[in-house]
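J.: Please work out how this folds:
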Amino acid sequence: MLGKVLVLLVASLAWAFQAFLPPPPRICGSPGGPAVAGPRIKLKDGRHLAYKEHGVPKETAKYKVIYAHSFGSTRYESAFVPLEILEELGAYVVSFDRPGYGESDPHPKRTIQTIALDMEELADQLGLGPKFYVMGFSMGGHAVWGCLKYIPDRLAGAALVAPSINYWWPGFPANLSTEGYNLLFPRDQWALRVAHYAPWLVYWWNTQKWFPYSSVIAGKFKRSPPDMEVAYRFAKHASEIQKHKVIGFLPEYGQFTVRLLSLHDPLACV
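T.: Predicted coordinates for the structure are as follows:
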């Protein structure tokens, strides 16, 4: 009898452990994986990073910008800036799929620092010169914070567009963090608590059906008609993006390593 109980206990623990883990990634270009449709670079650690270039040729550009896309998006996000505007500004923009999104290989151990180093290597392989600009939209903002912290000498300037925030930022005024956190839906408060305090539960929490999980991942937030049109354009990437949206919580809402208020010379950060 005791043996049967032990077997049942071990089987239950094994099932629970598997439920916490995301499925193996379908790597682009690998057997059985999606095809590679655009240019990629090979990083020093062997991973591939997909990118897309916009605007004027980089050889004649006044501004060379690396763009980090938002939560659940891809490198195509920056293409919504009209070419006429980029030409008027003399801007060259290269956007890239953050690790695990689109056609970029996943990086299970990615951090704020590793994404900054990926951007630096992208700049070097594309020949952008000793200094370049960085821009991050929404959750892409954490990549910009990483650049300001870990590769400040490479930056000509930095821009944040509606950046997401970490409510546990070290050194940030607690009253402001608490005020912003309390404005969230309860389901989102719980999702962020899990990402911060129990990161090993993130995938299970945001894929289970027993109680509400992140409203963004669940698609339960309201969008305007123009926003819906944009969302449909990304539908073909939905399956892989959905998985990496879930684990994408970890670098942003986990143990954040950058003390924002102690950054030195934040350049043109707006």
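J.: Okay, strands next: where are they in the stretch 1-150 of the chain?
T.: For the stretch 1-150 of the chain, strands defined by DSSP state E, counting those that start in this stretch occupy the ranges 40-42, 48-55, 63-68, 91-96, 132-137.
J.: wait, Ala159 sits on Met135?
T.: Yes: the pair Ala159 / Met135 is scored as a contact, 4.4 Å apart, by Cβ atoms under 8 Å. No exception for glycine: its C-beta is placed from N, CA and C like everyone else's.
J.: Between these two, which contacts overlap?
T.: Val144 (Cβ atoms under 8 Å, 6 or more residues apart in numbering).
J.: out of the two, which sits in the more crowded spot?
T.: Just comparing Ala159 and Met135: by other Cβ atoms under 10 Å the higher neighbour count belongs to Met135, 21 against 18.
J.: does that one really touch Tyr67, like I thought?
T.: Yes: using Cβ under 8 Å, Met135 is in contact with Tyr67, at 5.0 Å.
J.: Identify the contacts common to those two.
T.: Here Met135 and Tyr67 share the contacting residues Val93, scored by Cβ under 8 Å, 6+ apart.
J.: just the helices in the protein please.
T.: 2-20, 83-89, 112-126, 141-150, 174-182, 186-197, 202-205, 215-218, 225-233, 238-247, 249-253 (DSSP state H).
J.: related to what we said a few turns ago, export the strands of the stretch 1-150 of the chain as JSON lines, with columns for distance to Glu77.
T.: JSON lines is the format used below for the strands of the stretch 1-150 of the chain (distance: least, Cβ to Cβ, whole Å):
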{"stretch": "strand 40-42", "distance to Glu77": "17"}
{"stretch": "strand 48-55", "distance to Glu77": "9"}
{"stretch": "strand 63-68", "distance to Glu77": "8"}
{"stretch": "strand 91-96", "distance to Glu77": "7"}
{"stretch": "strand 132-137", "distance to Glu77": "7"}
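J.: And these: which comes nearest Leu176?
T.: strand 132-137 (20.6 Å; Cβ to Cβ).
J.: circling back to that earlier point, quickly, which of the helices of the chain bottoms out on average pLDDT?
T.: The weakest mean pLDDT among the helices of the chain belongs to helix 238-247, with a mean of 45.
J.: follow-up on the earlier one: show me the one of the strands of the stretch 1-150 of the chain that comes nearest Tyr167.
T.: Judging those by Cβ to Cβ, what sits closest to Tyr167 is strand 132-137, at 18.1 Å.
J.: And the contacts of that closest one?
T.: Strand 132-137 is contacted from outside by 63-70, 77, 93, 119, 123, 142-144, 147, 154-163, using Cβ under 8 Å, 6+ apart.
J.: so Leu128 makes contact with Lys58?
T.: Yes: the pair Leu128 and Lys58 passes the contact test of Cβ under 8 Å, sitting 6.4 Å apart.
J.: what do the two both touch?
T.: With Cβ under 8 Å, 6+ apart, Leu128 and Lys58 have common neighbours 64, 94.
J.: Between these two, which is the more surrounded one?
T.: More crowded of Leu128 and Lys58, by other Cβ under 10 Å: Leu128, with 21 against 16.
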